[in-house]
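J.: make a model of this:
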Amino acid sequence: MAAYADRLHRALGGEHHVVSPLGVWLVLALAGTATSRSTTQDRVAAVLGLDPFDAAAATRALVDDAPPELGLAVGAWVAEATRRRADPAAYDVWSRSLPTAAGTGPIPSSEDLDAWASEHTDGMIPRFPVAVPPTTTVLLASAVMTRISWAQPFSAVAATELGGPWSERVARVLHSPVEHPVGAFDVDGARCAVHRAVSAGGTTVLSVIADDPGAAPADVVAAAHVLALGGGTAVPLADLPLGAGPVWSVVEEDGVGGDTTRALLPAWSADTEVDLQAVPSGVDAGFAALADLLPGGPDEETAALQKCVARYSREGFEAAAVTAMMRAGAMPARGRVRHGTARFARPYAVVATVRTGAGPLPAFSGWITEPVEAD
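T.: Next up, the predicted model:
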């Protein structure tokens, strides 16, 4: 999943955005088992990172038994006339590869699809992201959402403590409580500051800012995924230089107890739409797999889009994404102690992971360039 996220974020660049690579991956996994051609299966496997039937098994396990703090839904709808043209045995193989909870049957109406999107995102996305005409022959979709409260909420402080240009755009920013882990890490020789906010159920949102202001956004997002999955090397506060650096401000004084760290970062929100056919998302391989099972007419057109909304605030984090692929006709000891403050005062990466039996699963990720007022 992290590898697929890297592919997607490198296409999206440095604009303010949050997306759900998981949401796109799930839709491609639904499509992958539609083909029995080895060349098409190889194309799908190259995108998903594993064999299409292994991806389908992982999708079934995840969707049919989703973690408590992760809402998941998928749909694979086929027009009746299109289904009748498919080879019955191949169609049965594809149908059995889908999650048992998947929406199936004829293409739903636009009103029903709006209701499906709203229901499975708790109202955060009230409209299905793609207009579905009556000539639609195949529609695959996923919905991913989480809404969690921090186990230990932030406080709000004056933005002047953050410094930098963002302090002129908002009056107040978030100040991490002592329970939030904040530290310096090295990932492949690049240093960054890392803040973790965690819900009572184990959902973690990682904020990662590079020491190097010129670091490529996609490289920082990739490093954030490495850190979210337990990689990277911790750098002790004692190894950071005293004074104000690119991210850290470190002071040393007489005191009792151990070193402390904190983080200052903005609240933020994002509303992102991605045309998945305009970036190298791999949906072309998914459409090819569908075409092997469900051949389309000469005038049929395709569309693939993800709509994602997210909000990071003093009390918690919420995010939802709906992804659609559609084919349609014309369509203490006393001593010296240090106190470090990591200031997320310029663009940085975020990754939200949900705890599963197999380990942390990256569900949402993004590049933050637009702060909002901390309430």
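J.: in the chain, where is pLDDT below threshold?
T.: 298, 330-337 (pLDDT under 70).
J.: between the two ends of stretch 97-108, what distance do you get?
T.: One end of stretch 97-108 to the other measures 21 Å (CA to CA, to the nearest Å).
J.: ok, and what's touching it?
T.: For stretch 97-108, the external contacting residues (CB atoms under 8 Å, 6 or more residues apart in numbering) are 30, 33, 53, 56, 59-60, 63-64, 73-80, 95, 116, 132, 136-137, 139, 141. Using the backbone N, CA and C atoms, a C-beta is placed for each residue, glycine as well.
J.: recalculate using a threshold of 6 Å.
T.: With contacts defined as CB atoms under 6 Å, 6 or more residues apart in numbering, stretch 97-108 is touched by 33, 56, 60, 63-64, 74-77, 79-80, 136, 139.
J.: and what of stretch 192-203?
T.: 68-69, 148, 150-151, 180-185, 204-210, 227, 247, 263, 342, 354-355.
J.: of the contacts of stretch 97-108, which belong to strands?
T.: Secondary structure from DSSP state E places 74-77, 136, 139 of the contacts of stretch 97-108 in strands.
J.: any idea how far residue 96 is from residue 134?
T.: Distance from residue 96 to residue 134, counting by CB to CB, to the nearest Å: 29 Å.
J.: ok, residue 375 next?
T.: 44 Å.
J.: just to revisit the earlier point, tell me the most packed of the ones in strands among the contacts of stretch 97-108, by neighbour count.
T.: residue 74 (26 neighbours; other CB atoms under 10 Å).
J.: any idea how this structure splits into domains?
T.: Split into domains by automatic domain parsing, the chain comes to 2-147+270-328, 149-267+334-372.
J.: what's the distance between the first one and the middle of its chain?
T.: By that I understand domain 2-147+270-328. Averaging C-alpha positions (CA atoms, centre = their mean, to the nearest Å) puts domain 2-147+270-328 14 Å from its chain's average.
J.: span of that domain from start to end?
T.: 31 Å.
J.: what of stretch 39-56?
T.: 18 Å.
J.: what sits up against it?
T.: 3, 29, 32-33, 35, 97, 282, 285, 288-289, 292.
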